[in-house]
Each structure stands twice: as structure tokens, then as C-alpha cells.
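# Starting from these lines, generate the structure:
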Amino acid sequence: MSFKNKKKQKLKNFGTFEKLDKLQEASFLIESEEWFEALEFLEEATRKFPSDARFWEMLAVVGSELKDVLTMQKAFGKLTQFQPNDSDAVFGLAFAYGLDSKIALSYRGFREFLRKFPDDEKSAEAAEMMRMAEKDLRRNLAGFDFPEGDEGVELACLHEEAQILMNRHEFEEAKEKAAKLIREMPDFVPVYNNLSLIYFMDGDAEKAVDAARKVLEKQPENFHALANLTRFSIFSGKPDEARNFANRLRPIENENPDLWIKKVEAFTFVGDDKAVTEVFKEANKKSEFAVPESFGKHLAAFAFYQLGKENQARKLWTEILAADPNFEFAERNMKQLHLAENERDIFALPINYWIPARYINDLMAETGKIKDGKRFEKNLQKKLAGFFEKNPNILSVLSILLERGDESAKEFAVNLMSWAATPESFAALKDFALGQKGSDKMRYKAAMKLSEANQISSKVRLWNDGEWREMMLMTFEITGEAMNVYPMKPKAQALLGKGMEAMHKQNPDLAAQYFQMALEANGADHPSLLYNLLTTKQMKGKRADADEELRKIVRRFPEYSFAAISLATSEIKKGNVEAAKDLVERFYEKKKWHVSEIKIWFYFNLEMALEEKHFDSARMSLDMLKNFDENLDYEYWDSLISRMELLAKIAAIPSKLTGRGRKKR
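The predicted structure follows:
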């Protein structure tokens, strides 16, 4: 019994030490002003130690520094539960509601503060904020047709609480709040809009659509419902229906500044960038483009970029960051603008705007059940195919993500489409990989996935660095095991090994003797023996008929890569690029290479890329060579590529000045 008690005490102490370590780490992050790292750390800490007020106090500090209203509301809300007589917590919660435009909750919070702490040093500030909130609240209560007095305030608070819970993804509680409000105010339209979004984010698109349509039955020009239905229709794979809702939204006029945001958002979802810019211009003529200004401006900036007006997009993102330095979407796109055009992944909205988190979580949970083993990939494809069959609309959304999502959204789409391995997912992935949208890197990754699945050739024409280029996709297996395309007798194999050793010692005469003996032992010609025998002659300076000898080997043994690649490399040096391509064309489909072959293959592709001035491909081959050639003079080749690339750019200047040269995209 005493042993168990000691063990229990030891475990308890271990938990205490862990808590102290986390408190110290959180304090260090705050003192270092590493706010985003502190936010992530404290969110995890509050999940592990939800009853320790110290973590919530620090989270409130971090949320306040970042002006993250949801974090502030959650942290200060917890603190008011732990410490109901803490004036700072009560004031902080009311203030956080005000920052989030939750007028009723802010008014009620400041009223509670003044009731409990009338002599607090912040009471004058609280009274002023309460008066400001009360003015807006009275207008809202009248506009919503709520009862006057405390009854109306409580109903308005219920409405705002449902919104906050929705934004926190606490969907069941959000539904309960909305249902309670509907029982009290069955004709209150905004609650149905909220409920439709709650259903959508919780993964029930059908109920989301039903709730939004109920709004239109009551108010055919309700712009929130029309915008929501546009989004829901895009997710449901109904683009024509989505465009219809967006077009119904376009002519509506209203003094509410949210209208402009909803119009811009709707046309972003349907992919009508021209309409987005037109709405944005109209909004700036008629009113201040506000509530929330940064979000609307960001979507307008994306639309301008899509239409080729990069300077206008840059101007808007710069304005956003000047007013709101923490607006992440603008910050990330501005970083992309510093990259070369072919390296950018400019985005409109991240994945959670297009696909509700519930669908992604369900998919991850389902695939997470698959056990590792030989059939892992097949089981994964089976699960994903089932997911696509159950949610056929997801495929159209993934295609949109490839055009309008951020880099992580694009990667998610590429992986999901390739893993699903359905004809439809492959077709959509091909459209992207073989098109011109997105960054070169992302399209190359999509092409790699398709090649691995034998959907396209490993040698493919891709849009790269602003032009169409023949590129090699590195989708093959490398093995150290004997390939046995052309079998050799054991005795001949042993003599071949001795000959190779003599070559490495720079003794071509001895090597030639071993290769000749191997040919006799084999009883028939063998491409490897013939090729290495020829190599010994070249080592001794006898190069005159080398190409013709190689040609004979290639004709007799077409699958022997060394001879074909060596001959092709020789043709490149003579300027016969097409002849070189013909010699090695079949090897681009080769899915398994011996480790001894791959080095010469990459050297050939490096030479070919330089000859054709495809410098990205040259660097790719050079980087691959690092893994297979320990004697590679990387600096020499890297310098050569850079010099040739610079010369090519200089040579292109005259044609650019005269308007000649390649066509613009």
C-alpha cells in the first residue's frame, strides 16, 4: 500500500515539475516578445492544464498584444470564472467584446464592471465605453425589432454568443444558443444566417443551404444569405448555381458596409475577378470600404493580381499592412511578390474558407485508421476513393484550391487528388500540372505525382520559367541489385569485376585483357563487356571510331543504357540535339535504374539542359548528381550554369528592346 502511495506521489510531483517548466517557458516567450510562438505554446498549455489560472493570464496578455479577439475573449472569459472579483479580467472581457464589435456583450460587460467595481481606477473609462456601446446597442435593438430594456439586451447577447462559439468551432453550443434565440424570436432573420454558417462549418452543407434559403423566403434580397449560398454552392460543386446567387447579390444597394464585403467575397468564390474589381471600385465611390476593410481590400488585391495588375495589387496589400501590420493574408502575399513570378503562390483564401474543417478532420480520422504494411497505399487509395464517392463535390473544390488557395492548400489538393487515384482526380490534376497557373514548383510536384501513377510520361512538356519546356520528372526507383536485362555467366561476371578494378587503377591494358577473357567465358557478346572494352581503347587515346562502335552496341542491345547515353552525349557535343534525344527517348520511361547507371544519366541530362539553355533543369540534374557522384566538381558546374544563364539573359536584351522574342503569357 505504501509503495502505491509513493508511486502516486512521485507521478504527482512529475506533473508539478512539468507545469513549472511550461510556466517558465511561457514567461520566457512573453519576455522575448515572441508573441506567435507564445500563443501556440499557451494554447497547448491551457489544454493540458485547463484549471491553472496562470496560463490563462499569460494567454490573455498574448491575445491582447496580438489583438486576437477570440483568444482575448476565451482567456478573459476563463479568468472571470476563476476570479470573478478580478476587475482586470472583467474589464478585459468587456473590452475584447468591444474590439470584436459584439456591442451587446460589451455593453453588458462594462455595466457589470461598474456595478462590481465602482471605485476602480478604470471606472471612468468603462463608463465611457458603456455609453458608446449603449448608443449603438439601442440602434441595433430597434433595427432587429428586439424588445427594449434588459430582455432585448439578453437576446442580443445570445445572438452574439452564438457567433463567437461558431468562430471558436464550438458548434454544438453555438447551435444551442441559436436554437434558443429562434424559440424566443422566430422571425429574427440574422440567427438563420448564423445557423447556416454553423451547419456549414460543422460539415452539414445540406442543412446550411436549408437555413440560408429560409432567410431568402423572408427577405429575398438578404445579402448575407445570398453570399452564404454562393459559398455553399461552390463547395457543393454547383458553379452555375453559385454564379446565379452572386449575380442576384450584385445590384442590391444598402447602407450597411458589410454589403460590399459580401459582394467581393461572393465573386471571389465564383472566380469572377473582373466583377470583384468592379465592386471594389463602386464601393470606394459610394462609401468607405470598411468592416472589415483589410479583408475586402485583400480580396480586391488578389483579383487585380489575377487580372495582371500587379502594381495595383501591391498598392492595396501595402495599404493593408500600413493600417494592420498583423493581417496575415496581405503579409504572406507581399512576401510572394518578392519572388520571381514563376515561383509565386499568390492566394485569395486559405483552405478553411473552401472546405469546412469538419470534412478535413473526418478524412484525417478515417485515413488515420489505416495500419502500416504492404497494402498501406492500396488501403489509402480505397479510403480516399470512398471519400470522393461520398463527397463528389470535393473534387471541384480541390481544383479551385489549385488556382486560388495558398501553398499548403495547393499541396493538400495535389496529394489528395493523386492518392485518390480516380479517373476524375487524375484528369483534374493533369489540367493543373500541364497548365500555366500556380508556381513552377507546385505544377512540377503535380506532374511528378502523375508520372509516379503512370498517368503521364516522365519526360513531359511543362510551363516553366515563362515558357514551354521539355522536362524530365525524377520518378524512378534506384537499386543496387543486378538488373539482368542482359544476363551474364558467373565466370564472365567475375572477370568483368576484375577488369573494372583494373580500370579504376588506370590500367587499361590489364582491364582489356580481363574483358576479352570475359567475352570468351560468356560464350557470346555482351553489351557491358563490349562497352567497357571500348572504354579501355578510349583511355589509351584510340577515339577515332568510338561513336561507330557505340552505335553498333546500341543497335544490337537497345536496352543497354551506358552505350546509348554515351553516344547521345557525344551527339550533344557535336550539336546534334535531336539525334541525342532520339537515342535516349525510351529511357525517360525507365522506372528502375541501377545505381551505376544513374550517374551517367544525370550527366547526360545536365549536358542536354545546358545545350537547350534550360537552366532550372540543369540545376535539378546537378543537385541529383550530388547524391551519386562523390567526385562531382559541384562548384565548377554550378558556376558554369550561372555564367551561361547570365550570358543568355544578356543575349535576350536586344530582342526585348525591339519587341521581339518570346510571346508574353
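
# what's next to the host helix or strand of residue 400, contact-wise?
Using DSSP states H and E, the element containing residue 400 is helix 393-404. Contacting residues not belonging to helix 393-404 are listed as 205, 234-239, 268, 271, 302, 347-349, 351, 354-355, 359, 387-388, 409-410, 412-414, 416-417, 424-425, 428, 431-432, 437-438, 442, 446 [Cβ atoms under 8 Å, 6 or more residues apart in numbering]. In short, each C-beta sits where N, CA and C put it, glycine included.

# Low-confidence regions, the protein specifically.
1-16, 287-292, 368-374, 376-377, 474-475, 542-544, 652-665 (pLDDT under 70).

# how is it carved up into domains?
In terms of domains, the chain is parsed into 11-245, 352-475, 481-544 (source: automatic domain parsing).

# Columns mean neighbour count and distance to residue 251 on top of these, output as TSV?
Shown next, in TSV, are the domains of the chain (neighbours: other Cβ atoms under 10 Å; distance: least, Cβ to Cβ, whole Å):
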stretch	mean neighbour count	distance to residue 251
domain 11-245	18	9
domain 352-475	18	25
domain 481-544	16	69
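
# now those domains as JSON lines including distance to residue 307?
JSON lines is the format used below for the domains of the chain (distance: least, Cβ to Cβ, whole Å):
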{"stretch": "domain 11-245", "distance to residue 307": "18"}
{"stretch": "domain 352-475", "distance to residue 307": "14"}
{"stretch": "domain 481-544", "distance to residue 307": "53"}
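
# how about the helices in the stretch 51-200 of the chain?
For the stretch 51-200 of the chain, helices defined by DSSP state H, counting those that start in this stretch occupy the ranges 53-66, 69-82, 87-99, 103-116, 123-144, 149-167, 171-184, 189-201.

# Next, the angle helix 149-167 makes with the second one.
Comparing the axes of helix 69-82 and helix 149-167 via axes from the mean of the first three to the mean of the last three Cα atoms, to 10 degrees yields an angle of 120 degrees.

# same question, the first one
Relative orientation of helix 53-66 versus helix 149-167 (the same axes, to 10 degrees): 90 degrees.

# what's the spacing between residue 515 and residue 417?
50 Å (Cβ to Cβ, to the nearest Å).

# What segments of the stretch 451-600 of the chain are strands?
Here the stretch 451-600 of the chain has its strands, by DSSP state E, counting those that start in this stretch, at 459-464, 467-472, 477-479, 592-594.

# Could you export those as TSV, including distance to residue 51?
Below are those laid out as TSV (distance: least, Cβ to Cβ, whole Å):
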stretch	distance to residue 51
strand 459-464	56
strand 467-472	58
strand 477-479	54
strand 592-594	58
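
# quick one: which of the ones you listed is nearest residue 134?
Closest approach to residue 134 among the strands of the stretch 451-600 of the chain (Cβ to Cβ): strand 459-464, 59.1 Å.

# Parallel or antiparallel, list what pairs with that closest one.
strand 467-472 (antiparallel) (DSSP bridges).

# returning to that earlier point: and the contacts of helix 393-404, which of them are in helices?
205, 234-235, 239, 268, 302, 351, 354, 359, 387-388, 409-410, 412-414, 416-417, 424-425, 428, 431-432, 442, 446 (DSSP state H).

# Could I get the contacting residues of residue 476?
So residue 476 contacts 458, 590-593 (Cβ under 8 Å, 6+ apart).

# need the contact list for the closest residue to residue 65 other than its chain neighbours.
Leaving out its chain neighbours, the residue that sits closest to residue 65 by Cβ to Cβ, 6 or more residues apart in numbering is residue 35, at 5.2 Å. For residue 35, the contacting residues are 62, 65-66, by Cβ under 8 Å, 6+ apart.

# same deal with residue 136?
Per Cβ under 8 Å, 6+ apart, neighbours of residue 136: residue 103.

# Same check on residue 169?
Neighbour list for residue 169: 201, 357 [criterion: Cβ under 8 Å, 6+ apart].

# what's the answer for the one 4 residues further on, then?
When contacts are counted by Cβ under 8 Å, 6+ apart, residue 173 is found next to residue 165.

# Give me the phi and psi angles of residue 575.
Residue 575 adopts backbone torsions of phi 90, psi 10, taken as degrees, to the nearest 10.

# From residue 646, how far out is it?
22 Å.

# How about residue 342?
Plainly put, residue 342 is 18 Å away from residue 646 if you go by Cβ to Cβ.

# Between the two, point out the one with more neighbours.
residue 342 (17 against 11; other Cβ atoms under 10 Å).

# Look up the closest residue to the more buried one, ignoring the ones flanking it.
Closest to residue 342 by Cβ to Cβ, 6+ apart is residue 440, at 4.6 Å.

# and the one you found, what is it in contact with?
Per Cβ under 8 Å, 6+ apart, neighbours of residue 440: 342-343, 462-465, 616.

# okay, among those, which ones form the most distant pair?
Maximum distance among the contacts of residue 440 (Cβ to Cβ): 14.4 Å, for 343 and 462.

# What are the boundaries of the helices in the stretch 501-650 of the chain?
Under DSSP H, counting those that start in this stretch, the stretch 501-650 of the chain gives helices at 508-522, 527-539, 546-556, 561-573, 577-584, 595-611, 615-625, 634-657.

# Could you provide those helices in JSON lines, with additional columns for distance to residue 226?
JSON lines is the format used below for these (distance: least, Cβ to Cβ, whole Å):
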{"stretch": "helix 508-522", "distance to residue 226": "79"}
{"stretch": "helix 527-539", "distance to residue 226": "71"}
{"stretch": "helix 546-556", "distance to residue 226": "67"}
{"stretch": "helix 561-573", "distance to residue 226": "61"}
{"stretch": "helix 577-584", "distance to residue 226": "56"}
{"stretch": "helix 595-611", "distance to residue 226": "52"}
{"stretch": "helix 615-625", "distance to residue 226": "45"}
{"stretch": "helix 634-657", "distance to residue 226": "47"}
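
# between those helices, which one is nearest to residue 113?
Comparing those by Cβ to Cβ, helix 615-625 comes nearest, at 61.6 Å.

# Now find how far off-centre that closest one is within its chain.
Remark: helix 615-625 is offset 25 Å from the chain centroid, using Cα atoms, centre = their mean, to the nearest Å.

# same thing with stretch 97-117?
39 Å.

# Point out the other helices and strands that the helix or strand hosting residue 247 packs with.
Per DSSP H and E, residue 247 falls inside helix 239-249. Packing partners of helix 239-249 (3 or more Cβ pairs under 8 Å, 6 or more residues apart in numbering; DSSP states H and E): helix 223-235, helix 258-270.

# quick one: that helix to helix 258-270, angle?
Using the same axes, to 10 degrees: helix 239-249 against helix 258-270 is 160 degrees.

# Tell me who's in contact with the nearest residue to residue 456 once chain neighbours are set aside.
Of all residues not flanking residue 456 in the chain, residue 450 sits nearest, at 4.6 Å (Cβ to Cβ, 6+ apart). Residue 450 sits next to 418, 426, 429-430, 433, 456 when contact means Cβ under 8 Å, 6+ apart.

# Assumed residue 450 was part of a helix.
Yes - counting by DSSP: H, G, I helix; E, B strand; the rest coil, residue 450 is found in a helix.

# 246 is where my numbering starts, stick with that
All set: I'll call the first residue 246, so the last point we hit is now residue 695.

# mind checking how far it is from residue 524?
Distance from residue 695 to residue 524, by Cβ to Cβ: 37 Å.

# residues near residue 528, how many?
20.

# quick one: contacts for it?
Residue 528 touches 505, 508-509, 534, 541, counting by Cβ under 8 Å, 6+ apart.
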